[in-house]
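1. give me a 3D structure for the following:
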Amino acid sequence: MIDIKNLNDGEVINLYSDIIKELKARKIIRTKNVLGELGEYLAIQHYNNTPGLPKLQVAPVGTKNIDAISRDGDRYSIKATSNNMTGVFTGVDFDSDGLPLKQYFEYVIICRFDDAFQLLNIYQVDWKTFVKHKKWHSRMKSWNLLLTKDLIADSVVIK
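-> Sure thing, here's the model as predicted:
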């Protein structure tokens with residue numbers, strides 16, 4: 001095991017770079033969005049390795065609004081967070097009355113991490129629950145979810 005405390009700053013930066021390269025080589029992440037990609041990877045692994053949960057496969061790169069698809073064709077958007085707010089749901093549009101223009105996915109999987117990248121919880125919400133709890137993120141001009149007690153009560157706790 002490497003004792004990181006004994007490395008100089010340049011060595012730590014190079015180690016981080018090497019870790020990112022290795023995570024990409026192992027297909028754990030595809031981009032520099034480490035937390036988001038880690039959430040997608042761990043969620044899909046958890047679903048595929050847990051009896052009774054749908055088996056998921058990664059959606060093709062560039063697929064809008066979703067990150068995974070079940071064998072039954074259900075679409076999943078996967079969000080990872082280390083606080084109480086998910087990333088935004090880009091391209092998910094609602095009309096002026098707050099009604100969705102269409103259904104963009106069947107489920108959202110929320111992976112909650114601690115500050116050390118340890119997976120704490122996995123929550124699943126269906127489309128109806130997403131619509132009920134969505135919040136407008138004015139700076140990003142998109143919707144997101146806040147991990148409130150009400151949202152957690154309305155979700156399925158997977159882990």
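
2. which residue is nearest the middle of this structure?
-> By Cα atoms, centre = their mean, the mean C-alpha position of the chain lies nearest to Lys79, the distance being 2.2 Å.

3. those helices in the chain, which residues are they?
-> Secondary structure of the chain (DSSP state H): helices at 9-25, 34-49, 127-133, 149-154.

4. so which other helices or strands are in contact with the shortest one?
-> When you say that, I think you mean helix 149-154. When contacts are defined as 3 or more Cβ pairs under 8 Å, 6 or more residues apart in numbering; DSSP states H and E, helix 149-154 packs onto strand 119-126, helix 127-133. Just so you know, the C-beta spots here come from the backbone N, C-alpha and C atoms, and that holds for glycine as well.

5. list the buried residues of that helix.
-> Neighbour counts over helix 149-154 (16 or more other Cβ atoms under 10 Å) mark Leu151, Asp154 as buried.

6. likewise stretch 105-120?
-> Applying 16+ other Cβ under 10 Å to stretch 105-120 flags Phe105, Glu106, Tyr107, Val108, Ile109, Ile110, Cys111, Arg112, Phe113, Leu119 as buried.

7. residues in contact with it?
-> For stretch 105-120, contacts defined as Cβ atoms under 8 Å, 6 or more residues apart in numbering pick out 34-35, 38-39, 42-43, 47, 65-66, 68, 74-82, 86, 121-127, 130, 145, 147, 155, 158-159.

8. could I have the buried ones of these as PyMOL selection syntax?
-> Buried residues within the contacts of stretch 105-120, by 16+ other Cβ under 10 Å, are selected in PyMOL with:
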select buried, resi 34+35+38+39+42+43+47+66+68+75+76+77+78+79+80+81+82+86+122+123+124+125+126+127+130+145+147+155+158
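
9. how about Asn65, nearest residue that isn't a chain neighbour?
-> Excluding the flanking residues, the one nearest Asn65 by Cβ to Cβ, 6 or more residues apart in numbering is Tyr104, at 4.3 Å.

10. what's the local residue count around the closest residue to Lys32 other than its chain neighbours?
-> Spatial nearest neighbour of Lys32, chain neighbours left out: Ile20 (7.3 Å); criterion: Cβ to Cβ, 6+ apart. Number of residues near Ile20 (other Cβ atoms under 10 Å) recorded here: 14.

11. for the one 5 residues further on, same thing?
-> Ala25 is flanked by 9 other residues according to other Cβ under 10 Å.
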